[in-house]
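Colleague: Got a sequence here, can you build the structure:
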Amino acid sequence: MPAMDFFDAQDHARSVSHRLILLFALAVAGLVVGVYLVALVALGFAPVEGLGGGGLFQPGLFAAVSVGMGVVIGGGTLFRTSQLRKGGSAVAELLGGRRLDPMTQDPAERVLLNVVEEMSIAAGLPVPAVYVMDREAGINAFAAGHTVNDAAVAVTRGMLESLSRDELQGVVAHEFSHILNGDMRLNVRIMGLLFGILILTVVGRGILRGSLGGGRIRASGGRRGGGGQVAIIGVALVILGYLGVLVGRLIQAAVSRQREFLADAAAVEFTRNPSGLAGALKRIGAASSGSRIQDHHAQEAGHLFFAAGLRAGLSGLTATHPPLPKRIQRIDPRWDGSFEVDPVRRPVGADGGGGPEGEGLEAVTGGRDPARGPGGRPPGPFPFPFPFPFPGIGEGMAGGLSASGGGPGAPGIGMAGGPAAAMPAAAMAGALLSTAGSPGPHHLAHARRLLEGVPEEVRDEVRTPEGALAVVLALLLGEEEELRGRQVAQVEDSLGPQAARRVEGLHLKVAGVGPEARLPLLDLALPALRDLPRERGRALGGAVGALIRADGKILPFEFAAFHLVRRHLPRVKGDTLPSRRLGNTPLSRLKRETEILLSAVAWSGSHGEEEVEAAFRTGAALLPGDAGSWTLMAPDQVSLDRVDEALTRLEGAAPAVRRQVLEAAGAVVMADARVELHEAEMLRAVAEALEVPIPPLLPSSPPSP
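Modeller: Reported below is the predicted structural model:
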């Protein structure tokens, strides 16, 4: 299967969303006509007092029905959409999910947390919130949210207790593909629309109960018996409401089925372990409870799940998922049709990654330690993470990369000759972005290696709000003792002495994980920051800015860290909420923001004004219009707040615009045919700030001796 193009997938999700809204609008229009006709029949085609004329078409009555239906369906849709505005966590809680305690000692829950963390780092995503649906015995899971920044992954208790680690990893990889390809926002929107139609049946039942309770309504002309007419309307609303839900489920199924096949294929590409995903599907087929979801909201959310949560009627026309046998056969063409699987032997070890099953790291890497190179050779003295090899470029690039000095004391990657040396910066930037949304097993192995290098104490800290706060601030402490002392004093002023001691105590542990782990550590900390008390979150935002500005210079990682931390902090009254709408701002309206961002990248990675200017022009050449029409900002114009504002505005751009901006930024970084560590970190962190998940940059193949 060819690698998914992240930006094309996002555009496709947008177009599907627009078509979906149109189809639901047509369904609602049909319901309006149906209710109007029922009202005419119930009234005997007689004129309604105060609404004018009689006959087949009564404009006043039609307008009243349209307004009433708009209030009911529109109000229901707005209610559910508003209820789910928090993102994936709101969906998980609506369906009975329990937020997993990050410090849980339950072995199965620890395995789930570690699998989600590994995959988040491998995909270049902030770690989503993790939920367990304790009341559900069926084997199922889902991912939900509006953006990658508010995503949640939920699994049923049945799945947690029934699957092996490899099988659980396959399911989580499937759900991550929905996060990466833009399905989540579409799925949450479907929930809102379905609830709006479903509410019609609730109103119908209410009218029916009222009319059967002896109420009498006087029709025009003084006739009695209005209660019977109202009862007819109530029955009709119930019937039409269910017909509307049926149409909605048909639309839901049409949207969902093909995307499940795509998510299965993407999960296999991610893990390179088809037996894991196929095994999970076989266990569903063998289980007495299958994948059924008991929660009464399952009807709205059937399209979210890993496998069918509801029974499909109409010979499968309303099925939101393909049949299990078809899914298994696509993954394993040699499958014999049997759902029999070996019993799960519970893994042992810190995260359940090893033990009797022999699963985990070796299953992903083919038995090779990912910390060592091909043939078991150890990596070079500085295992710099760089994409290996770029899709469509061939092995020449990976073989042409070697460690070289960037700036003073800053290790980096230089082009050592061969095809890569002559490759234009634009081609290299485009190749880097082609990895967006398309992580592979090598990224998964690398993510696990990074996590294994993080001390357990730090792993525990990032899972709690106060601990995550301390880790984020520890990441921003300077190396010089005098500077660090001033920064710790600033933390004490903003957050208190206890937080300051905690930050100072974590400094050496955080610094010891290495610069390549800074962004993954930040990703691990972001979910817990959302649980800080609001005022505490605001104080953290101020402290982050103070620490970054303490030495009078801003490092590349700090630009993106400032934006990402502020993006995930709890909001207080008066704060501007991030937009949930689909991005559509054109580049012509984001020229200033693009100039600010490219200038920040150029000044952070180049030495001397001439080199900065040349790098900036290399990137600007990829943007529409003459490269000379783009203005390089002076260093004092590229402030922390201005870059943060620029990133916020660029988040609202269409996927194609974000691609252009990031390709230009990548060309700026690669203009001198050398990628320094802090430049690569800057580029990937900025991509994450713009919600473009670029997997970790992997070690290149070491040169042959």
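
Colleague: For the stretch 551-700 of the chain, just list every one of the helices.
Modeller: 556-568, 591-605, 609-620, 640-651, 655-669, 677-689 (DSSP state H, counting those that start in this stretch).

Colleague: no wait, the stretch 151-300 of the chain
Modeller: Going by DSSP H, counting those that start in this stretch, the stretch 151-300 of the chain shows helices at 157-162, 165-180, 183-212, 226-271, 274-286, 298-301.

Colleague: what helices or strands is the second one leaning on?
Modeller: It stands for helix 165-180. helix 107-123, strand 141-144, strand 152-156, helix 157-162, helix 226-271, helix 274-286 (3 or more Cβ pairs under 8 Å, 6 or more residues apart in numbering; DSSP states H and E). No exception for glycine: its C-beta is placed from N, CA and C like everyone else's.

Colleague: What would that helix look like as CSV? C-alpha coordinates only.
Modeller: Presented in CSV, the C-alpha positions along helix 165-180 are these (Å, rounded to 0.1, in the frame of the first residue of the first chain):
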residue,chain,number,x,y,z
ARG,A,165,0.0,-6.7,23.4
ASP,A,166,0.6,-7.2,19.7
GLU,A,167,-3.2,-7.3,19.1
LEU,A,168,-3.8,-4.3,21.2
GLN,A,169,-1.0,-2.5,19.3
GLY,A,170,-2.7,-3.3,16.0
VAL,A,171,-6.0,-1.9,17.2
VAL,A,172,-4.4,1.3,18.5
ALA,A,173,-2.5,1.7,15.2
HIS,A,174,-5.9,1.4,13.4
GLU,A,175,-7.3,4.1,15.6
PHE,A,176,-4.3,6.3,15.1
SER,A,177,-4.8,6.1,11.4
HIS,A,178,-8.2,7.7,12.0
ILE,A,179,-6.5,10.5,13.9
LEU,A,180,-3.9,11.0,11.2
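
Colleague: What average pLDDT does it get?
Modeller: Per-residue pLDDT over helix 165-180 has a mean of 92.

Colleague: for stretch 458-465, same thing?
Modeller: Computed over stretch 458-465, the average pLDDT equals 90.

Colleague: What residues sit buried inside it?
Modeller: The neighbour-count criterion (16 or more other Cβ atoms under 10 Å) identifies 458, 459, 461, 462, 463, 464, 465 as the buried residues of stretch 458-465.

Colleague: Now tell me what touches it from outside.
Modeller: 102-103, 113, 451, 467-468, 470-471, 506, 509-510, 513, 521, 524-525, 528-529, 531-532, 536 (Cβ atoms under 8 Å, 6 or more residues apart in numbering).

Colleague: what do you get for stretch 636-649?
Modeller: Under the contact criterion Cβ under 8 Å, 6+ apart, stretch 636-649 has outside partners 545, 548-549, 554, 558-560, 562-563, 566, 578, 585, 590, 592-594, 596-597, 599-600, 603, 686, 689-690.

Colleague: one more time with 10 Å
Modeller: 544-545, 548-549, 554, 558-560, 562-564, 566-567, 576, 578-579, 585, 589-590, 592-604, 631-633, 661, 686, 689-690 (Cβ atoms under 10 Å, 6 or more residues apart in numbering).

Colleague: Only the buried subset of those, as a PyMOL command please.
Modeller: In PyMOL, a selection of the buried entries from the contacts of stretch 636-649 looks like this (16+ other Cβ under 10 Å):
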select buried, resi 544+545+548+554+558+559+560+562+563+564+566+567+578+585+590+593+594+595+596+597+598+599+600+601+602+603+604+632+633+661+686+689+690
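
Colleague: unless I'm mixing things up, residue 284 is touching residue 159, no?
Modeller: Yes - between residue 284 and residue 159 there is a contact at 8.9 Å, judged by Cβ atoms under 10 Å.

Colleague: For the two, list the residues in contact with both.
Modeller: 138, 139, 140, 171, 291, 306, 307.

Colleague: domain assignment for the protein?
Modeller: Following automatic domain parsing, one gets these domains for the chain: 462-568, 579-689.

Colleague: tell me how far the ends of the shortest one are from each other?
Modeller: Translated: domain 462-568. Start-to-end span of domain 462-568 (Cα to Cα, to the nearest Å) is 14 Å.

Colleague: Please state the offset of that domain from the chain centre?
Modeller: Its chain's C-alpha centre and that of domain 462-568 lie 24 Å apart, by Cα atoms, centre = their mean, to the nearest Å.

Colleague: Equivalent analysis for the longest one, please.
Modeller: Using Cα atoms, centre = their mean, the mean C-alpha position of domain 579-689 is found 23 Å from that of the whole chain.

Colleague: sorry, back to before: can I have the buried ones of the contacts of stretch 458-465 as a PyMOL selection?
Modeller: Here is the PyMOL command that selects the buried residues among the contacts of stretch 458-465 (16+ other Cβ under 10 Å):
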select buried, resi 102+113+451+467+468+470+471+506+510+513+521+524+525+528+529+531+532+536
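
Colleague: Could you list which of the contacts of stretch 458-465 belong to helices?
Modeller: Under the assignment DSSP state H, the contacts of stretch 458-465 contribute 113, 451, 467-468, 470-471, 506, 509-510, 521, 524-525, 528-529, 536 to helices.

Colleague: Let me know the closest of those to residue 271.
Modeller: Distances from residue 271 to those, taken as Cβ to Cβ, are shortest for residue 451 (16.3 Å).

Colleague: thinking the closest one is in contact with residue 118, fair?
Modeller: Yes - at 6.3 Å, residue 451 and residue 118 qualify as touching, with contact defined as Cβ under 10 Å.

Colleague: Dump the helices of the stretch 151-300 of the chain to CSV, plus distance to residue 608 and mean neighbour count.
Modeller: Below are the helices of the stretch 151-300 of the chain laid out as CSV (distance: least, Cβ to Cβ, whole Å; neighbours: other Cβ atoms under 10 Å):
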stretch, distance to residue 608, mean neighbour count
helix 157-162, 56, 21
helix 165-180, 39, 27
helix 183-212, 44, 21
helix 226-271, 42, 20
helix 274-286, 51, 23
helix 298-301, 57, 22
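
Colleague: Throw the ones you listed into CSV and include distance to residue 486, thanks.
Modeller: Listed next are the helices of the stretch 151-300 of the chain as CSV, based on distance: least, Cβ to Cβ, whole Å:
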stretch, distance to residue 486
helix 157-162, 47
helix 165-180, 40
helix 183-212, 42
helix 226-271, 44
helix 274-286, 50
helix 298-301, 51
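
Colleague: Might one say that residue 570 is in contact with residue 536?
Modeller: Yes - between residue 570 and residue 536 there is a contact at 8.3 Å, judged by Cβ under 10 Å.
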